[in-house]
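>>> Prediction below, plus the sequence it came from.
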Amino acid sequence: MGNKPIRVMVADDQVIIRSGLTALLMTFDDMQLVGEATNGEEAIEFCERIQPDVVLMDIKMPQMDGLTATGIIHKRWPDIRILVLTSFTDKDSIEGALSAGACGYLLKDASAEELVVAIREVYHGRSTVAALASEILVKSEQLEAFVEAVQKSAIEESQLPDLLAEHVPNIFPNSQIEVRIFPSYKILTYAPGTPTPLPEAAWDWVRGQVKPRTFSPEEPFPWGGQYPPESRLILGPILDRYSKRPVGGLAILNPGELEDPYDLVPIFQSLVDCIATAREKAQIQARKLSQQRVTDELVSAGKIQASILPHKIPEIPGWSLVAKLESARETSGDFYDFIPLEKGKMGIVIADVTDKGMGAALFMALSSTLIRTYAIQYPTLPAFAMARVNRRILTDTRGSMYVTAFFGVLDPQTGRMYYVNAGHPPPFLLSDQKGKPVDKLKRTGIALGVTEEANWQQKLIKFSPGDLLVLYTDGITEAQNEMGTYFGPERILQVVRSRRESSALEIQEALLADVKRFVGNAKRQDDIAILVVARGK
């Protein structure tokens, strides 16, 4: 190519830019303007006709943009060098131009000397990228690494400072960085040299902002004062994703070797958004862990509760006893018990704590233990045993929970049962004896744990051969279908009567199955407990 001038074509839709470049090129002996295009299509046509050495290509132009034109020219005429000359400093534009085949990327605010040097560099096949564009690419790559780390990891709040310390200083090297979560939690403080503390007034100012702001050297601050010469600052809020209110802030002092830190605002804003995302993920993870701990605790509590229930149903000659508990949640407030007593008698208990969740589970464990303890101490006086249980519940607890309970002492030899019903749904005693109606074992006093002044009557029933006693909790009678209708006590009697010749176990299973059919797809709200006592014929 010897002493031949570099043949340059300009592609820009702005007349003032084309005129300025034309005047500039005419002042250099080794430059020759050979054409002007106002859009990408014209640039391609000129290249086909005159084959310039270098094309100065704008990005945003009508009809066909510069990136599309760059790709086509590079593919058809690979020897033509393309130097993108634009005002765009975003990563996508820079990477898009270089990927399309541009040999250089320069900003329109470059000096005449910088432009001429860049033209000569790309003419000789050497890539040249503006300092700002290079810095943005580097920062963008580091930012992408941070974004990827945030997306991939399940971040805990305690890990957030380490994650920021690993990535954020790489995005803004040689800069002083501080990340705060309001009111005053510093999750990152980084300074490569002697730090220049940002006053609390600055963070108070950030609380009222919705976007970042840049401050050039010696520019006065809204909160008063200014930094020394050559100091540049970007300061902005971290916004909550939903409320869009500031929940923290990011400050970067001396963010790069640039005249105007405003050029780095897009990178700064992307970093702020990523920090907000990381914080939100950490909070979500914390809630998940908390919920998992609660779930694990409830599962453990449920296992402990299951261990409180009888491991197996006692076998009594001439009698059939069955019981089952189905919890609506991990834990249950319902329970039953069979308590061996002196002289071959058997204590039979079914009860329901009037609450749900962990509190009800603890109250159930306490109530079950107390009933068993006092039943053994007073095997012939169920009413007195209940009074002692009531007193201990009120002494040992300060909550508002109480428990309904049926406690009977059965003598298998005689078929007699002394019982107390402390506010519990009345069990049904069904008999095959002629003229003997269904006997409802109604309440003989209020629930346990309500008041110290409560008293309970003790009553007696007698099982004849073939008699059947069905005990249940209100999870059955108050079970609702999708229409909101209650199962009710009458359906219990209907099921039991229809299975009167069946075994105690078959009656229990039929009753549970009928409840499930009745409820259908409706959500079950309460625990269910059933206990059946049958005397052989």
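Good, I have the coordinates. Residues are numbered from 1 along each chain as shown.

>>> When you work out contacts or count neighbours from here on, use the C-alpha atoms and nothing else.
Noted.

>>> Now do the helices in this protein.
15-25, 40-50, 66-76, 91-100, 112-123, 131-152, 160-171, 200-206, 265-308, 357-377, 382-396, 474-477, 488-498, 504-519 (DSSP state H).

>>> of the ones you listed, which approaches residue 320 most closely?
Checking the helices of the chain against residue 320 by C-alpha to C-alpha gives helix 504-519 as the closest, at 6.5 Å.

>>> now the angle from the closest one to helix 488-498?
Here the directions of helix 504-519 and helix 488-498 differ by 140 degrees (axes from the mean of the first three to the mean of the last three C-alpha atoms, to 10 degrees).

>>> Quick one: distance of helix 504-519 to the chain centre.
Remark: helix 504-519 is offset 39 Å from the chain centroid, using C-alpha atoms, centre = their mean, to the nearest Å.

>>> go on, stretch 25-40?
59 Å.

>>> and if you look at stretch 231-239?
Distance of stretch 231-239 from the chain centroid (C-alpha atoms, centre = their mean) equals 29 Å.

>>> buried sites along it?
Within stretch 231-239, the residues scored as buried using 16 or more other C-alpha atoms under 10 Å are 232-239.

>>> now, among these, which is nearest to residue 524?
The closest of those, once distances to residue 524 are taken by C-alpha to C-alpha, is residue 239, at 41.5 Å.

>>> got a list of what that closest one touches?
Applying C-alpha atoms under 8 Å, 6 or more residues apart in numbering, we find residue 239 in contact with 210, 245-248, 273, 276.

>>> Can you flag the buried ones in these?
Among the contacts of residue 239, those classed as buried by 16+ other C-alpha under 10 Å are 246-248, 273, 276.

>>> Let me know the closest of the residues you listed to residue 496.
residue 276 (61.6 Å).

>>> Number of residues surrounding residue 336?
If you count neighbours by other C-alpha atoms under 10 Å, residue 336 ends up with 26.

>>> residues contacting it?
By C-alpha under 8 Å, 6+ apart, the neighbours of residue 336 are 309, 323, 348-351, 529, 531.

>>> Which of those has the largest number of neighbours?
Most neighbours among these, by other C-alpha under 10 Å: residue 351, with 29 neighbours.

>>> Nearest spatial neighbour of that one, chain-adjacent residues omitted?
residue 405 (4.1 Å; C-alpha to C-alpha, 6 or more residues apart in numbering).

>>> The one you found against residue 427, yeah?
No - look at residue 405 against residue 427 with C-alpha atoms under 8 Å: they stay out of range, at 10.9 Å.

>>> Tell me which of those two has more neighbours.
Ranked by neighbour count (other C-alpha under 10 Å), residue 405 and residue 427 place residue 405 first, with 28 against 22.

>>> Who is that one paired with across the strands?
Beta-bridge partners recorded for residue 405 (DSSP bridges): residue 351, residue 422.

>>> what sits against it?
349-352, 421-424, 447-448.

>>> Dump those to JSON lines, plus pLDDT.
JSON lines is the format used below for the contacts of residue 405 (pLDDT from 0 to 100):
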{"residue": "349", "pLDDT": "96"}
{"residue": "350", "pLDDT": "96"}
{"residue": "351", "pLDDT": "92"}
{"residue": "352", "pLDDT": "91"}
{"residue": "421", "pLDDT": "97"}
{"residue": "422", "pLDDT": "96"}
{"residue": "423", "pLDDT": "95"}
{"residue": "424", "pLDDT": "96"}
{"residue": "447", "pLDDT": "95"}
{"residue": "448", "pLDDT": "94"}
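
>>> Which one of these is nearest to residue 102?
Using C-alpha to C-alpha, those come closest to residue 102 at residue 352, 78.7 Å.

>>> residues touching the closest one, list them.
By C-alpha under 8 Å, 6+ apart, the contact list for residue 352 reads 333-335, 364, 403-405, 424, 473.

>>> go on, residue 456?
383, 386-387, 420-422, 444-446.

>>> For ChimeraX, what selects the buried ones among these?
To isolate the buried members of the contacts of residue 456 in ChimeraX, using 16+ other C-alpha under 10 Å:
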select :383,386,387,420,421,422,444,445,446
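
>>> Any chance of JSON lines for the contacts of residue 456, columns distance to residue 462?
Below are the contacts of residue 456 laid out as JSON lines (distance: C-alpha to C-alpha, whole Å):
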{"residue": "383", "distance to residue 462": "18"}
{"residue": "386", "distance to residue 462": "21"}
{"residue": "387", "distance to residue 462": "24"}
{"residue": "420", "distance to residue 462": "14"}
{"residue": "421", "distance to residue 462": "16"}
{"residue": "422", "distance to residue 462": "20"}
{"residue": "444", "distance to residue 462": "17"}
{"residue": "445", "distance to residue 462": "21"}
{"residue": "446", "distance to residue 462": "24"}
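
>>> Mind listing the residues bridging to the residue nearest to residue 118 when sequence neighbours are not counted?
Sequence neighbours aside, residue 128 is the residue nearest to residue 118 in space, at 6.3 Å (criterion: C-alpha to C-alpha, 6+ apart). Residue 128 forms beta bridges with residue 104, as assigned by DSSP bridges.

>>> from memory residue 128 sits against residue 102, does it?
No - between residue 128 and residue 102 there is no contact, the gap being 9.7 Å when judged by C-alpha under 8 Å.

>>> Determine the residues that are contacts of both of these two.
By C-alpha under 8 Å, 6+ apart, no residue touches both residue 128 and residue 102.

>>> Tell me which of those two has more neighbours.
The residue with more neighbours, out of residue 128 and residue 102, is residue 102; 27 against 19, by other C-alpha under 10 Å.

>>> any idea of the pLDDT on the more buried one?
Listed pLDDT for residue 102 reads 92.

>>> Contacts only, for it.
The neighbours of residue 102, taking C-alpha under 8 Å, 6+ apart as the test, are 70, 74, 81-84.

>>> try residue 367
Counting by C-alpha under 8 Å, 6+ apart, residue 367 has contacts 389, 393, 403.

>>> Between the two ends of stretch 122-133, what distance do you get?
Terminal residues of stretch 122-133 lie 16 Å apart, using C-alpha to C-alpha, to the nearest Å.

>>> Stretch 442-454 now?
Where stretch 442-454 begins and where it ends lie 17 Å apart, using C-alpha to C-alpha.

>>> Tell me which residues of that stretch come out buried.
Residues 442-450, 454 are the ones in stretch 442-454 that count as buried (16+ other C-alpha under 10 Å).

>>> Could you do stretch 151-162 as well?
155-157, 160.

>>> Other residues contacting it?
Here stretch 151-162 makes contact (C-alpha under 8 Å, 6+ apart) with 187-188, 278-279, 281-283, 285-286.

>>> Now do it: distance to the chain's middle.
Its chain's C-alpha centre and that of stretch 151-162 lie 14 Å apart, by C-alpha atoms, centre = their mean.

>>> Which members of the buried residues of stretch 442-454 occur in strands, if any?
Among those, DSSP state E puts none in strands.

>>> With distance to residue 175 as extra columns, can I get the residues you listed in CSV?
Listed next are the buried residues of stretch 442-454 as CSV, based on distance: C-alpha to C-alpha, whole Å:
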residue, distance to residue 175
442, 80
443, 78
444, 80
445, 77
446, 73
447, 70
448, 69
449, 66
450, 67
454, 75
